[in-house]
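[1] please work out how this folds:
(chains A and B)
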There are 2 protein chains.
Amino acid sequence: MNLLHIKVSPNLFGSASREVSDYLVDRLKVKHPQLNETVLDLSQEPLPHLDGFTIEAFFTEPEQRTEQQKNAVRLSDRMVDMLFASELIVLSSPMWNLGLPSVLKAWFDHITRAGRTFRFTDGGDKIGLVADRKVYVVMASGSAFSNGPYVSHDQFTPYINVAFQYVGIRDLNFIRIDGTHDPLTRDVAVPKAISSVDEMII
Amino acid sequence: MNLLHIKVSPNLFGSASREVSDYLVDRLKVKHPQLNETVLDLSQEPLPHLDGFTIEAFFTEPEQRTEQQKNAVRLSDRMVDMLFASELIVLSSPMWNLGLPSVLKAWFDHITRAGRTFRFTDGGDKIGLVADRKVYVVMASGSAFSNGPYVSHDQFTPYINVAFQYVGIRDLNFIRIDGTHDPLTRDVAVPKAISSVDEMII
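    Residues are numbered from 1 along each chain as shown, chains lettered A, B, ... in the order given. Model (predicted):
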């Protein structure tokens, strides 16, 4: 069984999201001894923003692509191949400014590919081409967003939901590390997330 | 009067969002003859994803920053200075995969700066430090999102609302170019957006 572990936080030695997702993967490895983990660390491999040339290559039939266009789609194809190759996904990220860090949005821009991870029906609707699979989303936020005055400001969670749904993945399991900078919650944020993992991985 | 015109689409010669925002700015220049336009073209100046070093520099008191840290914050400071210097903002962007193109999220990651564009109260709440000003948001989407089955999938608009509000800006005026790829709407999407501009700028 293949696990894709996507890490985003650039804080390599003090990141709550990395701490909890590493703990989660350890628990999953105990549960699935044959588990084969592939780490995609977006802080170490920051994906470029898509440019016009690459987008045009996306929408050119593969057999009609020039050498330059083949090169342009190679990175995105690698990201899509990693997605298809993984039965289990752990996505570990901080919330930045109420949404995704830009490098994580760049990942979604690279894996959302017409003809590879979704297609259009004749009527213009979209159908996901990635068979459903379990995704654990470990999200750390400085303020608390699971309750209190800021619940509606969380634009991370709703985006993750619709973006994975877009390609066909609905089995999303969120583990919040809620309020890592808030005096009221920072001491319990990680321990609470750890116990959520313990409850999920039995 | 200063206008900051932020362009995102990498499609330089066929972009609906560029076409409509250029038209809007022309109309604004007629209305405000002294208008001074600064263009920030994020497709030509793709902002980097924030990294650990830069974030650490953000949270280091200016007078204690090393030379390297001063360099690291320079780009973000320039983006923030441009924001403060502009009484009027036109943001022109496509929707990508139901959200912001990653380079536009990188812009928000660069301008959302504790101590410059927002601050924390003692209780941990956030207060925007950018005085309110008028922002026109010209957003083009391949499918229609202003009505029909996909309304709730639009994660572009809600993010823009909370992200600008975060720094203190609430006067947001959306101009949708809705369904540029949808057979039912593509022929009217731009003309309808143009007439929205005409109604707004009287």
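[2] buried residues, whichever helix in chain A runs longest. List them.
    Scanning chain A for the helix with the most residues, using DSSP state H, yields helix A:67-84. Across helix A:67-84, burial judged by 16 or more other Cβ atoms under 10 Å in any protein chain shown covers A:69, A:72-73, A:76-77, A:79-80, A:82-83. Placement of C-beta: from N, CA and C, glycine included.
[3] surely A:Leu104 forms part of a strand?
    No - looking at A:Leu104 with DSSP: H, G, I helix; E, B strand; the rest coil, it is helix, so not inside a strand.
[4] for it, give me its contacts.
    Listed by Cβ atoms under 8 Å, 6 or more residues apart in numbering or on different chains, the contact partners of A:Leu104 are A:6, A:8, A:42, A:91, A:93.
[5] which of those tops the neighbour count?
    Highest neighbour count within the contacts of A:Leu104, by other Cβ atoms under 10 Å in any protein chain shown: A:Val8, with 28 neighbours.
[6] chain neighbours aside, what residue packs nearest to that residue?
    Leaving aside its sequence neighbours, A:Val8 sits nearest to A:Ser93 (Cβ to Cβ, 6 or more residues apart in numbering or on different chains; 3.8 Å).
[7] against A:Glu87, how distant is the one you found?
    Distance, A:Ser93 to A:Glu87, by Cβ to Cβ, to the nearest Å: 21 Å.
[8] picking up where we left off before, want to throw the buried residues of helix A:67-84 into JSON lines with pLDDT and distance to B:His49?
    Conversion of the buried residues of helix A:67-84 to JSON lines gives the following (pLDDT from 0 to 100; distance: Cβ to Cβ, whole Å):
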{"residue": "A:Gln69", "pLDDT": "97", "distance to B:His49": "25"}
{"residue": "A:Ala72", "pLDDT": "97", "distance to B:His49": "19"}
{"residue": "A:Val73", "pLDDT": "98", "distance to B:His49": "21"}
{"residue": "A:Ser76", "pLDDT": "98", "distance to B:His49": "17"}
{"residue": "A:Asp77", "pLDDT": "98", "distance to B:His49": "21"}
{"residue": "A:Met79", "pLDDT": "98", "distance to B:His49": "15"}
{"residue": "A:Val80", "pLDDT": "98", "distance to B:His49": "20"}
{"residue": "A:Met82", "pLDDT": "98", "distance to B:His49": "19"}
{"residue": "A:Leu83", "pLDDT": "98", "distance to B:His49": "20"}
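[9] find me the pLDDT at the closest residue to A:Pro149 other than its chain neighbours, would you?
    Once flanking residues are discounted, A:Pro149 sits nearest to B:Asp125: 7.9 Å by Cβ to Cβ, 6+ apart. At B:Asp125, the pLDDT value in this model is 83.
[10] next: A:Asn147.
    86.
[11] quick check, it in a helix?
    No - using three-state DSSP, the secondary structure at A:Asn147 is coil, not a helix.
[12] burial measure for it, as a count.
    9.
[13] and it, how far is that from chain B?
    14 Å (Cβ to the nearest Cβ, to the nearest Å).
[14] from the contacts of A:Leu104, which land in strands?
    Residues of the contacts of A:Leu104 located in strands (DSSP state E): A:6, A:91, A:93.
[15] dump these to TSV, plus distance to B:Val103 and pLDDT.
    Formatted as TSV, the ones in strands among the contacts of A:Leu104 follow (distance: Cβ to Cβ, whole Å; pLDDT from 0 to 100):
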residue	distance to B:Val103	pLDDT
A:Ile6	20	98
A:Leu91	21	98
A:Ser93	18	98
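[16] out of those residues, which is nearest to chain B?
    In terms of Cβ to the nearest Cβ, no member of those lies closer to chain B than A:Ser93, at 12.2 Å.
[17] quick check, the closest one in contact with A:Ala16.
    No - contact status for A:Ser93 versus A:Ala16: not in contact, 10.7 Å apart, counting by Cβ atoms under 8 Å.
[18] now do the shared contacts for the two.
    A:Ala140.
[19] OK, contacts around the residue nearest to A:Val8?
    A:6-9, A:17, A:100-101, A:104, A:137-140, A:156.
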